[in-house]
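>>> Take this sequence and fold it.
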Amino acid sequence: MITLAEQSRPTVADFYRTNRGGGLFSESVSQWIGATFAVVAHRLGLRPTALTITNLVLGLSTSVAVVALAEPVADGRVPAWLVGVLALVGWQVAYALDCADGQLARVTGQGSAAGARVDVLCDVAAQIALVAALTATTVAQTPSTPTWLIAAFAGTWMVNLVTSVMQSGPNAASMVTSTSLPVRLVKLVRDYGAVIFVAGLVLLFAPALTLWVVVAFTVVNGGFLLASIAFSARASLR
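Reported below is the predicted structural model:
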């Protein structure tokens, strides 16, 4: 027999309905996993910040391990698949927890300005560690990698995070408002869930290609930054 208390418990679908998107991959995979984590956290009586901190610890630990093992993988002392599986699972679970904390806060009414700040700061820390992991792998696999490329990659990587924070404000605007499938597929290049999935797959199957991942995302994020500046400047001059 189902009790009244059990009937009032939010379900996975209830939590998922409050998700803030993130792209086709994130909505199809990460947000659903996050909703499952949110259900478990709610039943355990955890606060959203507990999920935020867990996301940070897991994300940092995964990236630190990738950095530490970059040289051993490059010289064959450690199998690449081991580090690849660690990165693929660790980064995805961490991101799902990042999705879960917001869902939990919105469904249970536990959102706060302080919690939102902690969430953003933890995202910054986790993404800095992720960039360090990818650059360490790149340099270990391709020692001739130019320093300017690493600097450009690290700088432009944060464009995603900065623009996502800006999009949450009252003056948010999108350059491409279409939600058609072709447009959403193109936008996967900036979907964080898809990006870390691709990064994990490269570390798993072909770590020597990490350099080209760095090049690709430097071009994509740099191009998006320039396009965003032009879009915003044009709007401000109207």
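>>> Please report how far G59 lies from A230.
Using CB to CB, to the nearest Å, G59 is found at 33 Å from A230. C-beta coordinates here come from the backbone N, C-alpha and C atoms, glycine included.
>>> no no, V85
41 Å.
>>> ditto for V64
In terms of CB to CB, V64 sits 38 Å off from A230.
>>> One more: T49?
38 Å.
>>> And these two? Which one has more around it.
With neighbours defined as other CB atoms under 10 Å, T49 and A230 compare such that T49 has more, 18 against 11.
>>> Is it correct that A13 is in contact with W32?
No: contact criterion CB atoms under 8 Å: A13 and W32 do not qualify, at 9.5 Å.
>>> Looking at these two now, which is surrounded by more residues?
W32 (18 against 10).
>>> That one sits in which helix or strand?
W32 is part of helix 31-44 when elements are defined by DSSP states H and E.
>>> Quick check: which helices or strands does that helix pack against?
helix 12-16, helix 48-74, helix 80-108 (3 or more CB pairs under 8 Å, 6 or more residues apart in numbering; DSSP states H and E).
>>> Go through stretch 9-21 and flag the buried ones.
Residues of stretch 9-21 classed as buried by neighbour count (16 or more other CB atoms under 10 Å): 10, 12, 15-16, 18-19.
>>> Now render the residues you listed as JSON lines, adding pLDDT and distance to C99.
Shown next, in JSON lines, are the buried residues of stretch 9-21 (pLDDT from 0 to 100; distance: CB to CB, whole Å):
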{"residue": "P10", "pLDDT": "92", "distance to C99": "15"}
{"residue": "V12", "pLDDT": "96", "distance to C99": "12"}
{"residue": "F15", "pLDDT": "96", "distance to C99": "9"}
{"residue": "Y16", "pLDDT": "96", "distance to C99": "9"}
{"residue": "T18", "pLDDT": "93", "distance to C99": "10"}
{"residue": "N19", "pLDDT": "91", "distance to C99": "7"}
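>>> Pick the one among these closest to S180.
N19 (20.0 Å; CB to CB).
>>> how about that closest one, secondary structure?
Secondary structure, DSSP: H, G, I helix; E, B strand; the rest coil: N19 is coil.
>>> go on, the one 3 residues further on?
When the structure is split into helix, strand and coil by three-state DSSP, G22 lands in coil.
>>> Could you figure out how far the host helix or strand of F231 is turned away from helix 48-74?
Counting by DSSP H and E, the element that carries F231 is helix 210-236. With axes from the mean of the first three to the mean of the last three CA atoms, to 10 degrees defining the directions, helix 210-236 sits at 140 degrees from helix 48-74.
>>> How many residues are close by Q31?
So Q31, with other CB under 10 Å, has 27 neighbours.
>>> who are the neighbours in contact with it?
Each residue near Q31 by CB atoms under 8 Å, 6 or more residues apart in numbering is listed here: 16, 19, 21-22, 99, 103.
>>> Would you reformat those as TSV and include distance to V131?
Converted to TSV, the contacts of Q31 look like this (distance: CB to CB, whole Å):
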residue	distance to V131
Y16	29
N19	25
G21	23
G22	19
C99	20
Q103	26
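>>> T145: which of these is nearest?
G22 (29.6 Å).
>>> Run a quick check on the closest one versus R190, I expect a contact.
No: contact status for G22 versus R190: not in contact, 9.7 Å apart, counting by CB under 8 Å.
>>> Please enumerate residues in contact with stretch 217-226?
In contact with stretch 217-226 (CB under 8 Å, 6+ apart) are residues 149, 152-153, 156-157, 159-160, 163, 189-190, 195.
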